[in-house]
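Undergrad: no letters, just coordinates:
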């Protein structure tokens, strides 16, 4: 439901235009000096209104920690936090009270719950991902102490795969009153071997579930991914060898993306997440209203022409929580 | 770990060459007349030794139910079952006791546990998926009563996308002492709207986790999937409309793959799973042994040149359990 | 850890003297008109400073809801809420920074986490139970719609079992600079038959776990409880019969406390919870400090001479969440 | 439902008169030499037909392990096992097909599921506890390696508290065609401090839930338990001191039963479980049948006059799994 993870757990709440969004991190190890600047820096990476590429909505996105931290250190008890919703121009959405935006959760929420907070998509708004970024920022600080780093970047925007072309592709979509999708690649370095649990707890299964829970994500692959389906087995053998320098067993290649049999093998974990173009378009769209009548919808909200730039820190955050959770699980099961 | 699902739960155990594999289905609704022939038929679809395309290993794969069923009907109590391992030619694997097969779980299991059952891959063998097929067959019977059907098929084998070419592609790989990958597409029809839970319990997240837990799966996508990343938003609008005949709200297209905002919208749920070529090749491969010495491994085991044909019923089984679990969750949360 | 329940879930955070305590209720059914006055009334029942029987600490204990409620109704999304900590006279506790109070969590938290928020017991303070009362108040409103009511009362205070003697017993303990324990009995009426799951999910097991999670609770019993251990089987037969008026099967007696084989039988659910005397005494006590030196501790904090009066709404709250969770589970498992 | 524990997990299945009962232990640490004789010895302690005090039903109760163990050692993968049901004289119960025994689960199962396996109580039979004993026996072997031992004993049978009087009390009840209850006390020694999680995961809450899941258990208390409710705070202060010999902080008394603030403090964990007299009496009892008609039931099954002797190993088994689970959880949460 709204809790992620088994041992390092984030419980997430809040709507786009409610009083606040927030969460509870349960399972944070005790005694860790929290770097609040780092947490805020991660939030700022996700924050809107930073460039011509993102929505004009201004959110300071300041996190306020309420518990679980004493004199700057984690105490081992749950860390509750909130991020207040400022600049929530709810009336922008008044015309959506009775109208369902196409490709959005408006209709499905109405069908599921019989009631919905229509303002800015309510619970289904990507605003909620700010909470994940806070959880991920805390997880990252623990992982960093273990020498694990996580870096995501865009590897495709629409038809372009050359990063120098990305901004142009997004601005062109914006100019066309359209939106565009893309692919984010994430690399987790320094992961010890042995993370991930057979059978249903395979590390790639946990990562796939985490990534597909992100708004607008449409696909996940790791290692050679979908390309592997077109290849021969002989083309993707990761031959293991003993690295004399490190004394560790490595593989000459990494078609496996750092995971074999569901368990990390010590190589970089490499996966990609596909994101669709933003569903909301700054142009009239045909849809239906709650009277099931055909209507034309004019979106007045402020939206990104491409989610990828702001989704990068969210992908990293979900990866951080997933890897830390897997580390804690592996630790628990070892005598 | 080894339990899948939250309300309809399958706990799975067993190694490839142990006494038996088996499972426990917890959450099966009471009073359902079990169609045992159907369960066995699903198992037979996965069974090896059926054609030139699959391994010669002969397994009758007969499931024996031990509990939870009384006079042919489910009682609501857990359904325990076992499938005995016959024809387990363990000595075929004696040469693997000290050697790690490349791209397999041999090395990662050894690193994680410090001990492993080397016979046929032990716990990491795809043999375990027979247990999932039993769980899925039970779930399917409940879903069928609700008018929900699940059908998966291969849409790519190696370089081919025309089904008439698939057998040839596999036999060619076999002839080359090689293996080949592929893509399976699964369609779930008759799903009511409202399944899936925000935020982390999005239906696509549950499906992605389920599919990536299948051996050799390397990627998952739903609806337009990775292709959506290359498209414009205007190209993938699923315009909703009121279907006069059914009185239901449908969408003119299904770029969303039947899921919007993580919740089913009543359209067919469409997703694809990418499978890599089988890692074990019938040819000498360089690897290392448990003394970390370089060795050449000759696989004597019996292996498929392509997992896709036998993975199809497994994909359907995991989809069936996921959808039924989501139905039960949606039911629980509705007053 | 800090989440209670499986389908109706309360995640609880906060320390006695932090910025705020709070929680997240996940699984609240959608479309329910929230009676905010009722929620506050429950909180007021638990609030300190109400009489000569309870601590002088003044807490307005005003709950602020942050999400999951739209225009007065639950939306089905998580309900986040906080209760700010006012009048937290932290310096009262400065002398406890390095000293462990006997029979408290001070020492065990220090041993477990290596760090602790010493102010007012931090996370181990009964202050946290206010969060449970909010969760319980929401659950109660759903239960009330189903005709289920929950009532707890003190049946023993120290040596007294006559309610008219309770206030005197508490005041006498207070006068003696001492504290006194008691027993609370809780009756849940209107529960349908069929709640509770075999084997580990027996209704009494869920209730026992819920009650023993309350601060100062030392024991749980249901039906005849411990007295049953001294009796013969023939003395506690609940003979079933068909009640002509209601057309329901009832039992002539209720030694079973409304639960048979772990499942509710439709009779009143009756259980009792034993509470120890408050550990903090307004008198000098020998203990040790974090240098493991023997010291004499003078408690300056404000404490109740008896927890029972304020524990009554907490017992009701935990019962409400447990019963609603069991109802949702039973619903999920029924086709 | 039918899975116990979070990290050390037992999934339990089987009916009294089905083909077999069994379970799956998930989370058993790898590399542990399994002492099969010890496992069988525990099962034998619970086995019926051992003396004049227990039912005449003869069950060899031989456990057959199917997975998770390789060459005598645990592999870290799930341990599946079954115990076949021999000597299941189902026709003894034919007269119960349509009749509900008083104080049994017969009626509640029928109300909950609409169908039940009437033979010997089906799923609700205490026969299921043999599965718990196997899980507990495995947990004990891990605990023993950590210096933790668990011992339970009867401290009351009916009106008697002197062990020398227990056999007489039971035989007298049997002679009277009646049954008698009792209380079991369990002591867990060698537990490190720091086990148990705030708030809902308090160690006593986990133990209470575990114990109340045992058939016929009616109450749980730890430390001073219900007696604490009658006492003054000054009578139960556990004064801590530094033990010069061990260098550990101990308490002069153990009113807390080894748990303070929900977390173990290193002292012996002491708790008691109350058991009711067996509900089935070897005498005619008035009840109703599935036509809701009043009938007289003559129990032909073989039953114990007192469950306490056979419940002792079950209490120990549940305690062992609970403590090991708590140890693994504490380990996971520590950096």
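TA: Looks like it arrived, so ask away. Since the model is a prediction, treat every value here as computed from it, not as a measurement.
Undergrad: roughly how far does residue A:208 sit from residue B:185?
TA: As for residue A:208, its distance to residue B:185 is 17 Å (criterion: C-beta to C-beta, to the nearest Å). Every C-beta, even on glycine, is put in place using the N, C-alpha and C of the backbone.
Undergrad: neighbour count: those two, which is higher?
TA: More crowded of residue A:208 and residue B:185, by other C-beta atoms under 10 Å in any protein chain shown: residue A:208, with 31 against 17.
Undergrad: wouldn't that one be in contact with residue B:210 here?
TA: No: contact criterion C-beta atoms under 8 Å: residue A:208 and residue B:210 do not qualify, at 9.0 Å.
Undergrad: residue contacts, residue A:107?
TA: Going by C-beta atoms under 8 Å, 6 or more residues apart in numbering or on different chains, residue A:107 touches A:100, A:288, B:240, B:249, B:260, B:265.
Undergrad: from those residues, which is closest to chain D?
TA: Nearest to chain D, judged by C-beta to the nearest C-beta, of these is residue B:265 at 30.4 Å.
Undergrad: ok, the closest one touching residue A:110?
TA: No: if you go by C-beta under 8 Å, residue B:265 and residue A:110 don't touch, sitting 10.7 Å apart.
Undergrad: looking at the two, which is more packed in?
TA: residue B:265 (29 against 17).
Undergrad: what pLDDT is listed against the more buried one?
TA: Residue B:265 carries a pLDDT value of 97.
Undergrad: and for residue A:221?
TA: 98.
Undergrad: over to residue A:106?
TA: Here the pLDDT value assigned to residue A:106 is 94.
Undergrad: can you get me a residue count around the residue lying closest to residue A:148 once chain neighbours are set aside?
TA: Nearest residue to residue A:148 in three dimensions, chain neighbours excluded: residue A:190, at 4.3 Å (C-beta to C-beta, 6 or more residues apart in numbering or on different chains). By the criterion of other C-beta under 10 Å, residue A:190 has 15 neighbours.
Undergrad: phi first, then psi, for residue A:190.
TA: With angles defined as degrees, to the nearest 10, residue A:190 sits at phi 90, psi 10.
Undergrad: do the one 5 residues further on as well
TA: Dihedral angles of residue A:195 (phi, psi; degrees, to the nearest 10) stand at phi -90, psi 140.
Undergrad: OK, contacts around residue A:157?
TA: Residue A:157 neighbours (C-beta under 8 Å, 6+ apart): A:165, A:166, A:169, A:170, A:180, A:181, A:182, A:306, A:308.
Undergrad: swap the cut-off to 10 Å and go again
TA: Going by C-beta atoms under 10 Å, 6 or more residues apart in numbering or on different chains, residue A:157 touches A:163, A:165-170, A:173, A:180-183, A:275, A:306, A:308-309, B:229-230.
Undergrad: next one: residue A:43
TA: When contacts are counted by C-beta under 10 Å, 6+ apart, residue A:43 touches A:59-63, A:83, A:130-131, A:133-134, A:137, A:313, A:317.
Undergrad: chain D contacts on chain A?
TA: Contact residues, chain A versus chain D (C-beta under 10 Å from any C-beta of the partner chain): A:6-8, A:26-32, A:74, A:76-78, A:142, A:145-146, A:197-199, A:325, A:327-335.
Undergrad: within reach of chain B, which of the residues you listed are there?
TA: Near chain B, by the rule C-beta under 10 Å from any C-beta, you find A:6, A:197, A:198, A:199, A:329, A:330, A:333, A:334, A:335 out of these.
Undergrad: quick one on the thing from earlier: let me have the contacts of residue A:107 in TSV, extended by secondary structure and distance to residue D:220.
TA: Output for the contacts of residue A:107, formatted as TSV (DSSP: H, G, I helix; E, B strand; the rest coil; distance: C-beta to C-beta, whole Å):
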residue	secondary structure	distance to residue D:220
A:100	strand	52
A:288	strand	57
B:240	strand	55
B:249	strand	53
B:260	strand	48
B:265	coil	48
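Undergrad: most widely separated two among those residues?
TA: Farthest pair in the contacts of residue A:107 (C-beta to C-beta) is A:288 and B:260. Separation: 13.5 Å.
Undergrad: which neighbours do those two have in common?
TA: Residues touching both residue A:288 and residue B:260 (C-beta under 10 Å, 6+ apart): A:100, A:102, A:107, B:240.
Undergrad: isn't the last one up against residue B:249?
TA: The reference is to residue B:240. Yes: applying C-beta atoms under 10 Å, one finds residue B:240 in contact with residue B:249, separated by 5.5 Å.
Undergrad: identify the contacts common to the two.
TA: A:100, A:107, A:288, A:292, B:265.
Undergrad: give the closest residue to the residue of the stretch 101-250 of chain A at minimum distance from chain B in space, chain neighbours not counted.
TA: Nearest to chain B, among the residues of the stretch 101-250 of chain A, is residue A:105, at 2.2 Å (C-beta to the nearest C-beta). Nearest residue to residue A:105, sequence neighbours excluded (C-beta to C-beta, 6+ apart): residue B:261, at 2.2 Å.
Undergrad: the strand or helix carrying residue A:169 packs against which elements?
TA: Using DSSP states H and E, residue A:169 falls within helix A:163-175. Under the contact criterion of 3 or more C-beta pairs under 10 Å, 6 or more residues apart in numbering or on different chains; DSSP states H and E, helix A:163-175 touches strand A:149-157, strand A:182-189, helix A:308-333.
Undergrad: deepest of the ones you listed, which one?
TA: helix A:308-333 (a mean of 25; mean count of other C-beta atoms under 10 Å in any protein chain shown).
Undergrad: mind listing the helices for the stretch 201-335 of chain A?
TA: Counting by DSSP state H, counting those that start in this stretch, one finds helices in the stretch 201-335 of chain A at the ranges A:203-212, A:225-228, A:308-333.
Undergrad: among the contacts of residue A:43, which ones are in helices?
TA: A:130, A:131, A:133, A:134, A:137, A:313, A:317 (DSSP state H).
Undergrad: buried ones in stretch A:132-148?
TA: The neighbour-count check on stretch A:132-148 (16 or more other C-beta atoms under 10 Å in any protein chain shown) flags A:132-143, A:148 as buried.
Undergrad: please identify which of these is nearest to residue C:299.
TA: residue A:138 (34.5 Å).
Undergrad: now do the contacts for that closest one.
TA: A:8, A:10, A:25, A:28, A:32, A:34-35, A:38-39, A:42, A:65, A:68-69, A:74, A:79, A:81, A:317, A:320-321, A:324.
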